[in-house]
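[1] Next come a sequence and a model predicted from it.
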Amino acid sequence: MKNLIVANWKLNPISQKEAKTLLDKTKRGIKNIKNADVVVCPPFVWLAVAPKRGKGGFIMGAQNCFWEEKGAFTGEISALMLADLKINYVIIGHSERRKYFNETDEQINKKIKKSLSAKLKPILCVGETAEERDSNKRAEVLERQITEDLKGVKKEEMKNIVIAYEPVWAIRTGNNCSVDETMGSILFIRKIISKLYKREIADNLRIIYGGSVKSENSGSYIKSAGANGFLVGGASLNAEEFVKIVKSAL
Ligand code: PGA
């Protein structure tokens, strides 16, 4: 399977001009790359300006969506609206959404199912906090999140799911997860999927790593931890650095 490198711009940049510049630079940097899939997830407002500029280079993704299709839900964006803009991927259940917006596994599950029915590919983020890690609860947390977030997702839909293992303590801290620990978590995630579905589905699932990924550390996750790519936050705002990260996954 091709590795998948996802740029999560989060709440950046603040102007359309900067967004276009970053899209252009990223597009230029990856234009000849064929053996990896590169997804760029800007804030919603920059999605409408992005697709034409992204063609041929990267694939567009969003950072969130709502589970209802339309109606009286002020401030929300539906999976169907994203699909209409030809967006392919959507990040669901990022730890920042779980933390700052109190997203529950039940809500994340609704978003996953709605995204799949709109033909979007959800990138489901899972991972333990520092406290959970310190109290040896990583396995319990991963199992609970994956089981609840994927409840009702059919076997045949699993080919459109990506799981991002993002230990919360590694995000934005510069304290990236070690290769050994990441390898352990990725193997454990495959075990859960194998139990919920079957071995073949687990083996073919793309599991990517996220949390302080930089060009200096990225290659080792592919070579030694069994990751099928990365979810890159801060470093994706620097096109040169992001392109280096993409190249480390080829
Ligand atoms: P980071 O963020 O690369 O800035 O740690 C990763 C993420 O939150 O997806």
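    Good, I have the coordinates.
[2] So which bits of this structure are right by the ligand?
    8, 166, 171-172, 210-213, 231-235 (Cβ under 6 Å from any ligand atom). For glycine as for every other residue, the C-beta is placed from the backbone atoms N, C-alpha and C.
[3] Are any of the residues you listed buried, and if so which?
    8, 166, 171, 210-213, 231-235 (16 or more other Cβ atoms under 10 Å).
[4] coming back round to it: just the residues of the chain next to the ligand now: which is nearest the ligand?
    Nearest to the ligand among those, counting by Cβ to the nearest ligand atom, is Gly233 at 2.2 Å.
[5] What number of residues are in the vicinity of Lys86?
    Residues lying near Lys86 (other Cβ atoms under 10 Å) number 13.
[6] my guess is it contacts Met60, does it?
    Yes - here Lys86 lies in contact with Met60, judged by Cβ atoms under 8 Å, at a distance of 7.2 Å.
[7] contacting residues around the residue nearest to the spatial centre of the chain?
    The chain has Ile123 as the residue nearest its centroid, 4.2 Å off, counting by Cα atoms, centre = their mean. Contact partners of Ile123, counting by Cβ atoms under 8 Å, 6 or more residues apart in numbering, are 6, 39, 61, 89-92, 162-164, 208, 231.
[8] can you name the two of the residues of the chain next to the ligand that are farthest apart?
    The most widely separated members of those, counting by Cβ to Cβ, are Glu166 and Ala235 (13.9 Å).
[9] I'd like the distance from the closest residue to Lys70 other than its chain neighbours to Lys114, if you could.
    Closest residue in space to Lys70, ignoring its immediate chain neighbours: Ser78 at 6.1 Å, by Cβ to Cβ, 6 or more residues apart in numbering. As for Ser78, its distance to Lys114 is 7 Å (criterion: Cβ to Cβ, to the nearest Å).
[10] Ok, Glu76 next?
    For Glu76, the distance to Lys114 - Cβ to Cβ - is 11 Å.
[11] The protein: helices as residue ranges?
    Ranges of helices in the chain, per DSSP state H, are 16-30, 44-47, 51-54, 79-84, 95-100, 105-117, 130-134, 138-149, 179-196, 199-204, 215-224, 239-248.
[12] Any buried residues in the longest one, and which?
    Residues of helix 179-196 classed as buried by neighbour count (16+ other Cβ under 10 Å): 179, 181-186, 188-190, 192-193, 196.
[13] pLDDT added to the residues you listed, as TSV?
    As requested, these are exported to TSV (pLDDT from 0 to 100):
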residue	pLDDT
Val179	96
Glu181	96
Thr182	97
Met183	97
Gly184	97
Ser185	97
Ile186	98
Phe188	98
Ile189	98
Arg190	98
Ile192	98
Ile193	98
Leu196	97
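[14] Between those residues, which sits nearest the ligand?
    Nearest member of the buried residues of helix 179-196 to the ligand, counting by Cβ to the nearest ligand atom, is Thr182, at 13.4 Å.
[15] so what's that closest one up against?
    Here Thr182 is in contact with 165, 209, 221, 225, 227 (Cβ under 8 Å, 6+ apart).
[16] again, only using 10 Å
    Taking Cβ atoms under 10 Å, 6 or more residues apart in numbering, we find Thr182 in contact with 165, 167, 170, 176, 207, 209, 211, 220-221, 224-227.
[17] Taking the residues you listed, please make a PyMOL selection of just the buried ones.
    For the buried members of the contacts of Thr182, the matching PyMOL selection, counting by 16+ other Cβ under 10 Å, is:
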select buried, resi 165+167+170+176+207+209+211+221+225+226+227
